[in-house]
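Asker: got a predicted structure plus its sequence, pasted below:
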Amino acid sequence: MGFLSASASFTRYRIVEDVPESLWPRIPDLLLQNAFQDIDNTHDERAYGWVSIDSMLDTEWSIAPAYKGEFVAFALRLDTRRIPPSVMKKHYQIALEELSRKNKEDGKSYVSRSQKQELREQVRLRLLGRTLPVPAVFDVVWNTSNNRVFFASTQQKMLPLFEELFTQTFQLHLEPLTPYFLALNLLPEDRKAEVNEYEPAIFVE
Amino acid sequence: MTTDEFDLHKASTLSPYIGQDFLTWLWFKTETGGGLFRLSSEDQVGVHMEQRISVQGGEGETKDTATSSGPQSELTEARLGLRTGKKVTQARLRIEEDENAWQLQLKAEDFSISSLKTPKVDMRLEEGEDPDARFLEKMFLIDKALQVVDELFARFVRLRFSADWQTELTAIRNWVNS
């Protein structure tokens, strides 16, 4: 779900460093260098990277550039192949029975632990290749007037992935605008230490 | 300067405390002050907590949550929760300015925003209009709601770290018991 939808959910960040002026014109190139690469024709389990905010298929910003007024807007696309556990179980069982039969013909009465492990991995890879990656897209909006960044997800597992890719792409660090950091930013330098000593208020006597 | 491990640890421990105190204070403010706030821009906005407030107390196994859904006057479960020391962990805010209204769900522990609804933006593109116009208008509206939230939080922080907090605390305690 993105920012243009009727109901938006997101996490807010502040860029910690001063953004060098020289970065602005380089943004399209940096996005391209870390753009999403399709895994439809591979066996990869997961892939992620930047795409245009206007279309998850546009990895070259051919529809429109990422600059929109005072904002830089793009999206994080994450494709994941997931094998349903029951499918995995079934195909592993088929493969295991076949291997047991083969082992017996070779005079071995059992399948060793390492053989099972290897078999499980073979089955997993084979099934991955037959599973379609499920795409997910999360909008990113960077307000260049105050260097705040909005990421359209509140899922705890998505946040570190986004933060790392952002830092890798722009060499800038993100600080989440949680109550603690917001309070720190609001207080003068000589009083910041008080936030670290915060005692929850007691509203009942 | 980058965020170090110490900060991150402090942030995850202290954020829920600060966020819960803020939302509980805000509930008190909106209910006792008629919900009208004058912003630094001189604009006057109405802020109300509505429909859904969750309060929580205790930790670990003794954690206990009460949630109220309904118009503000009927948030009985959550109000009773406050009396047993629970605090607001999640609130749905309604912000009004002139005839415009915003709604958003704010989580105390990390201030993540969910279900933010802005006044309607006309999604049809007029001929000759900048293709980014809808996006820019929508971002302007989203920002407006967040400015209100940030300004209310700034007000809370200034008060919370000042000598005036004791007076406010007494007033909140009286409200909780009323």
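Answerer: Arrived safely, thanks for sending. Numbers count the residues shown, from 1 in each chain, chains lettered A, B, ... in the order given.

Asker: how far does stretch A:27-45 stretch from one end to the other?
Answerer: 28 Å (Cα to Cα, to the nearest Å).

Asker: any residue of it touching chain B?
Answerer: No: Stretch A:27-45 is not in contact with chain B by Cβ under 8 Å from any Cβ of the partner chain; minimum separation 15.8 Å. Heads up, the C-betas are built off the backbone N, CA and C, glycines and all.

Asker: could you point out which element follows the helix or strand bottoming out on mean pLDDT in chain B?
Answerer: Least confident helix or strand, chain B: strand B:64-70 with a mean of 69, by mean pLDDT, DSSP states H and E. Next helix or strand after strand B:64-70 toward the C-terminus (DSSP states H and E): helix B:76-83.

Asker: what packs against that next one?
Answerer: strand B:44-57, strand B:64-70, helix B:165-177 (3 or more Cβ pairs under 8 Å, 6 or more residues apart in numbering or on different chains; DSSP states H and E).

Asker: just these: most buried one?
Answerer: Neighbour counts averaged per stretch over those are highest for strand B:44-57, at a mean of 20; criterion: mean count of other Cβ atoms under 10 Å in any protein chain shown.

Asker: what about it, distance to the chain center?
Answerer: 7 Å (Cα atoms, centre = their mean, to the nearest Å).

Asker: adjacent strands (with direction) for that strand?
Answerer: strand B:36-38 (antiparallel), strand B:64-70 (antiparallel), strand B:87-97 (antiparallel) (DSSP bridges).

Asker: just the mean pLDDT for it, thanks.
Answerer: Averaging pLDDT along strand B:44-57 yields 81.

Asker: and for stretch A:66-83?
Answerer: 96.

Asker: buried stuff in it?
Answerer: Across stretch A:66-83, burial judged by 16 or more other Cβ atoms under 10 Å in any protein chain shown covers A:66-69, A:71-79, A:81, A:83.

Asker: near chain B, list only the ones from those.
Answerer: A:K68, A:G69, A:F71, A:A73.

Asker: and the two most separated of those residues?
Answerer: A:G69 and A:A73 (9.2 Å; Cβ to Cβ).

Asker: for chain A, which helix or strand comes out least confident on mean pLDDT?
Answerer: helix A:193-196 (a mean of 90).

Asker: tell me what that helix is packed against?
Answerer: Using 3+ Cβ pairs under 8 Å, 6+ apart, helix A:193-196 sits against helix A:179-186, helix B:5-32.

Asker: how is chain A carved up into domains?
Answerer: According to automatic domain parsing, chain A comprises the domains A:11-81+A:134-178, A:86-130.

Asker: what's the end-to-end length of the first one?
Answerer: By that I understand domain A:11-81+A:134-178. Domain A:11-81+A:134-178 end-to-end distance (Cα to Cα) = 9 Å.

Asker: off-centre distance for it?
Answerer: On Cα atoms, centre = their mean, the centre of domain A:11-81+A:134-178 falls 10 Å from that of its chain.

Asker: for residue 116, give me its contacts.
Answerer: Using chain A. Residues counted as contacts of A:K116 (Cβ atoms under 8 Å, 6 or more residues apart in numbering or on different chains) are A:L96.

Asker: hmm, no, I was thinking of chain B.
Answerer: A:S7, A:A8, A:S9, A:F10, B:W102, B:Q103, B:L104, B:Q105, B:I142, B:A145.

Asker: just the helices in chain A please.
Answerer: Assigned by DSSP state H, the helices in chain A fall at A:27-33, A:85-105, A:113-130, A:158-170, A:179-186, A:193-196.

Asker: for the ones you listed, give me a markdown table that also has distance to A:N147.
Answerer: A markdown table is the format used below for the helices of chain A (distance: least, Cβ to Cβ, whole Å):
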| stretch | distance to A:N147 |
| --- | --- |
| helix A:27-33 | 13 |
| helix A:85-105 | 43 |
| helix A:113-130 | 40 |
| helix A:158-170 | 11 |
| helix A:179-186 | 12 |
| helix A:193-196 | 22 |
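
Asker: highest mean neighbour count out of those helices?
Answerer: Mean neighbour counts for the helices of chain A (mean count of other Cβ under 10 Å) peak at helix A:179-186, with a mean of 22.

Asker: what's the angle between it and helix B:5-32?
Answerer: Angle of helix A:179-186 versus helix B:5-32, following axes from the mean of the first three to the mean of the last three Cα atoms, to 10 degrees, is 90 degrees.

Asker: pLDDT below threshold where in chain A?
Answerer: For chain A, the stretches flagged by pLDDT under 70 are A:1.

Asker: how about a cut-off of 50?
Answerer: The model of chain A has no residue with pLDDT under 50.

Asker: can you tell me the closest non-neighbouring residue to B:D132?
Answerer: A:K68 (4.5 Å; Cβ to Cβ, 6 or more residues apart in numbering or on different chains).

Asker: again with A:V204
Answerer: Using Cβ to Cβ, 6+ apart, the closest residue to A:V204 is B:G85 (5.1 Å).

Asker: repeat that for B:I18.
Answerer: A:P179 is the one closest to B:I18 (Cβ to Cβ, 6+ apart), at 3.8 Å.

Asker: ok, that neighbour touching B:F111?
Answerer: Yes: A:P179 is within contact range of B:F111, at 5.8 Å (criterion: Cβ atoms under 8 Å).

Asker: between those two, what contacts are shared?
Answerer: By Cβ under 8 Å, 6+ apart, the residues touching both A:P179 and B:F111 are B:S15, B:G19.

Asker: nearest to B:S12 among the domains of chain A would be which one?
Answerer: Comparing the domains of chain A by Cβ to Cβ, domain A:11-81+A:134-178 comes nearest, at 8.1 Å.

Asker: if I look at the most centrally placed residue in chain A, how far off is chain B?
Answerer: Nearest to the mean C-alpha position of chain A, by Cα atoms, centre = their mean, lies A:L161 at 3.9 Å. As judged by Cβ to the nearest Cβ, to the nearest Å, A:L161 and chain B stand 16 Å apart.
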